[in-house]
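K.L.:
next comes the sequence, and after it the predicted model I'd like to discuss.
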There are 2 protein chains.
Amino acid sequence: MTQNGDNCSCQECLRKTSIFEYLTDEELVAFNDSRYQTKYKAGEIIFKQGTAITHIMSFTSGLAKVYIEGYNNRDLILQIIKPGSLIGGPGVLVDNMHHFSVSAITDSTACFIDINEYKKSLNNNTEFAIASLKEINSQHIENFNKFISLTQKQMQGRIADAIIYLSDEIFNSNSYDMTISRQDLADLTAMSKESAIRILKEFKDDKIIQLNHNKIEILNVDKLRRFSEIG
Amino acid sequence: MTQNGDNCSCQECLRKTSIFEYLTDEELVAFNDSRYQTKYKAGEIIFKQGTAITHIMSFTSGLAKVYIEGYNNRDLILQIIKPGSLIGGPGVLVDNMHHFSVSAITDSTACFIDINEYKKSLNNNTEFAIASLKEINSQHIENFNKFISLTQKQMQGRIADAIIYLSDEIFNSNSYDMTISRQDLADLTAMSKESAIRILKEFKDDKIIQLNHNKIEILNVDKLRRFSEIG
DNA sequence: ACCATCTTTTGATATATGTCAATTTTTATT
DNA sequence: AATAAAAATTGACATATATCAAAAGATGGT
């Protein structure tokens, strides 16, 4: 968790975090001035649910998970994030509290921008506010899909959804290193880790996926999608 | 579904739909001019998932449900709405599609405001945009609670949550007419209606609630909250 | 390279929840 | 009021999923 000497500016980050496009040059400078970058080791917590929001976070390298800490020490992973993701959280204009935790899955770096600079831009820059609104709405739509996946599909469908999600949204390949643990996979699909493991094995036996060590390869996307659709 | 001659203006509705407070007088006039009111009979659909968003809806009388149409003809109710609720939906700035359906539970009326007027105000009135953002964030937080309730609590906890929700948020009394059907209660808690009925009976036998016909009275809030907390 | 620790895997078993079918109750219609 | 249609209830049973415990495999630090 040491500060990073790395001198990239917010302007250069534009390519990655799209809503920054809507900031004016002055705002970008202000963001850049207030900004600091921090390194995290795998497993370390970046945002902790229940604490005050002081900064928004632009994730710059590594892999992290955004999760709600629920009952009986069970977590529900909302999303896996990769470089380019901007994480504020729904508490921003409401109670200024984090309603989820974020922790590094692999060694990671993240930039932090003072929440007041962010709020200033929301207030002064309508385009930016609208872009934020749009972003949050997209998130909302994804949550709807997650609701259906988690409450109406059985385990095969949920694991299929998770495998497809990781393939399409995170690793952009149908062959990837799982990186996330079995427990994480379980927390992503709202089941016990033992069940997640069993379904994974079932898919392997059915030649839907190949799996050795942590390397997963999707062999039969159609069957996977059918599981996702049938529920 | 006939047009309504009722001549209340948007200004008068202010009391109910709070984010309208941030509109200027001119905007309110524009909203009022584009607006029309419609009556719905119980069971009729107000917004249909998968159709284009042309208006935002201000619910003015009755009771309605907002629900996602999922797999195998199963619905998931996101919220029950009462007069004063403003319903746009997460598709507004994204794909202009409804991602949920809304239907009247009892005979109801609703006002519709042209989506373009709404978008115009978002673009021209930062305070209004921020208020909308805040509203959506609050919704987001509620969805997080719903995620935990639906994925980590067992049936007793979920039914307890639903009973408390109806008591606190909708009927504002610990004794109310259920109004919603058993199927709706099941769709609100993501279980089969038979299971919902059984848990309701269990609560009745344990003297946690009183229940005759559709009149429900909470007898033991503490036990209900314990079920909600234990999961 | 070794030991301790943590993660993954597997099997046996318990349990929560869904499904199906039959019955009763309520609501709507003529 | 009589009938049909819809909703609620109940019981028996099937099954999806969790839990527990033990074993195997991987990982990290000294």
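P.N.:
In hand now; what should we look at? Model, not experiment: these values are computed from the prediction.
K.L.:
and A:Ile68, which of the three is it?
P.N.:
Put simply, A:Ile68 is strand when judged by DSSP: H, G, I helix; E, B strand; the rest coil.
K.L.:
what pLDDT is listed against it?
P.N.:
Looking at A:Ile68, its pLDDT is 98.
K.L.:
for A:Tyr40, give me its contacts.
P.N.:
A:Met1, A:Ile46, A:Gly62, A:Ala64, A:Ala104, A:Asp107, A:Ser108, A:Thr109, A:Ala110 (Cβ atoms under 8 Å, 6 or more residues apart in numbering or on different chains). All C-beta atoms are positioned from the backbone trio N, CA, C, and that covers glycine.
K.L.:
how about 6 Å then?
P.N.:
Contact analysis of A:Tyr40 by Cβ atoms under 6 Å, 6 or more residues apart in numbering or on different chains lists A:Ala104, A:Ser108.
K.L.:
give me phi/psi at it?
P.N.:
Main-chain dihedrals, A:Tyr40, degrees, to the nearest 10: phi -130, psi 140.
K.L.:
could you do the one 5 residues further on as well?
P.N.:
Listed backbone geometry of A:Ile45 is phi -90, psi 130, with angles given as degrees, to the nearest 10.
K.L.:
what about it, distance to A:Tyr67?
P.N.:
Distance of A:Ile45 to A:Tyr67, computed by Cβ to Cβ, to the nearest Å: 11 Å.
K.L.:
so these two - more neighbours on which side?
P.N.:
A count of neighbours by other Cβ atoms under 10 Å in any protein chain shown puts A:Tyr67 above the other of A:Ile45 and A:Tyr67, at 21 against 14.
K.L.:
residues contacting the more buried one?
P.N.:
By Cβ under 6 Å, 6+ apart, the contact list for A:Tyr67 reads A:Asp75, A:Ile77, A:Ser101.
K.L.:
what pairs with A:Tyr67 across the strands?
P.N.:
For A:Tyr67, the beta-bridge partners under DSSP bridges are A:Ile77, A:Ser101.
K.L.:
SS state for the closest residue in space to A:Ile230 that isn't next to it in sequence?
P.N.:
Nearest residue to A:Ile230 in three dimensions, chain neighbours excluded: A:Gly157, at 6.6 Å (Cβ to Cβ, 6 or more residues apart in numbering or on different chains). Three-state call for A:Gly157 (three-state DSSP): helix.
K.L.:
isn't A:Gly157 right next to A:Glu229, touching?
P.N.:
No. At 7.9 Å, A:Gly157 does not count as touching A:Glu229 under the criterion of Cβ atoms under 6 Å.
K.L.:
between the two, tell me which one has more neighbours.
P.N.:
Comparing A:Gly157 with A:Glu229 by other Cβ under 10 Å, the one with more neighbours is A:Gly157, at 23 against 12.
K.L.:
tell me the contacts of the more buried one?
P.N.:
With Cβ under 6 Å, 6+ apart, A:Gly157 has these contacts: A:Phe227, A:Ser228, A:Gly231.
K.L.:
just A:Lys119 next, same as before
P.N.:
By Cβ under 6 Å, 6+ apart, the contact list for A:Lys119 is empty.
K.L.:
now do 10 Å
P.N.:
A:Ile56, A:Val92, A:Leu93, A:Asn96, B:Ile130 (Cβ atoms under 10 Å, 6 or more residues apart in numbering or on different chains).
K.L.:
inside strands: which ones of those?
P.N.:
Among the contacts of A:Lys119, the members falling in strands (DSSP state E) are A:Ile56.
K.L.:
just the contacts of A:Lys119 now: which is nearest DNA strand D?
P.N.:
Proximity of the contacts of A:Lys119 to DNA strand D (Cβ to the nearest atom of the strand) peaks at A:Ile56, which lies at 30.3 Å.
K.L.:
circling back to that earlier point, what sits in contact with each of A:Ile45 and A:Tyr67?
P.N.:
With Cβ under 10 Å, 6+ apart, A:Ile45 and A:Tyr67 have common neighbours A:Ser101, A:Val102, A:Ser103.
K.L.:
can you put those residues in a markdown table and add neighbour count?
P.N.:
Shown next, in a markdown table, are those (neighbours: other Cβ atoms under 10 Å in any protein chain shown):
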| residue | neighbour count |
| --- | --- |
| A:Ser101 | 18 |
| A:Val102 | 25 |
| A:Ser103 | 18 |
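K.L.:
of the residues you listed, closest to DNA strand D?
P.N.:
Once Cβ to the nearest atom of the strand is applied, the member of these that ends up nearest DNA strand D is A:Ser103, at 15.9 Å.
K.L.:
now, of the contacts of A:Gly157, which are buried?
P.N.:
Among the contacts of A:Gly157, the ones that count as buried by 16 or more other Cβ atoms under 10 Å in any protein chain shown are A:Phe227, A:Ser228, A:Gly231.
K.L.:
and the longest helix along chain A, anywhere near chain B?
P.N.:
Longest helix in chain A by number of residues, with DSSP state H as the criterion: helix A:126-152. Yes. In terms of Cβ under 10 Å from any Cβ of the partner chain, part of helix A:126-152 sits within range of chain B, namely A:126-152.
K.L.:
for chain A, which segments count as helices?
P.N.:
Assigned by DSSP H, the helices in chain A fall at A:10-13, A:25-34, A:115-124, A:126-152, A:155-165, A:182-189, A:193-205, A:221-230.
K.L.:
quick one: residues contacting A:Ile163.
P.N.:
A:Ile163 sits next to A:174, A:176, A:178, A:185, A:189, A:199-200, A:203, A:208-209, A:216, A:218, A:221, A:224, A:227-228 when contact means Cβ under 10 Å, 6+ apart.
K.L.:
and it, how far is that from A:Phe59?
P.N.:
Relative to A:Phe59, A:Ile163 is positioned 22 Å away (Cβ to Cβ).
K.L.:
who does the lowest-mean-pLDDT helix or strand in chain A touch, helix- and strand-wise?
P.N.:
Every helix and strand in chain A was compared by mean pLDDT, DSSP states H and E; the lowest is helix A:10-13, with a mean of 71. Contacts defined by 3 or more Cβ pairs under 10 Å, 6 or more residues apart in numbering or on different chains; DSSP states H and E place helix A:10-13 against helix A:25-34, strand A:55-61, strand A:108-114.
K.L.:
domains for chain A, by residue range?
P.N.:
When chain A is parsed with automatic domain parsing, its domains come out as A:10-136, A:153-230.
K.L.:
how about these, which one is nearest B:Thr51?
P.N.:
Checking these against B:Thr51 by Cβ to Cβ gives domain A:10-136 as the closest, at 20.0 Å.
K.L.:
so what's A:Ile81 bridging to?
P.N.:
Assessed by DSSP bridges, A:Ile81 has beta-bridge partners A:Ala64.
K.L.:
that one and A:Ser61 touch, don't they?
P.N.:
No. In this structure A:Ile81 lies outside contact range of A:Ser61 using Cβ atoms under 10 Å: 11.2 Å.
K.L.:
quick check: A:Glu44 vs B:Lys120, distance?
P.N.:
According to Cβ to Cβ, A:Glu44 stands 45 Å off from B:Lys120.
K.L.:
no, scratch that, I was asking about A:Ile199
P.N.:
Using Cβ to Cβ, A:Ile199 is found at 49 Å from B:Lys120.
K.L.:
higher neighbour count, the two?
P.N.:
A:Ile199 (23 against 14).
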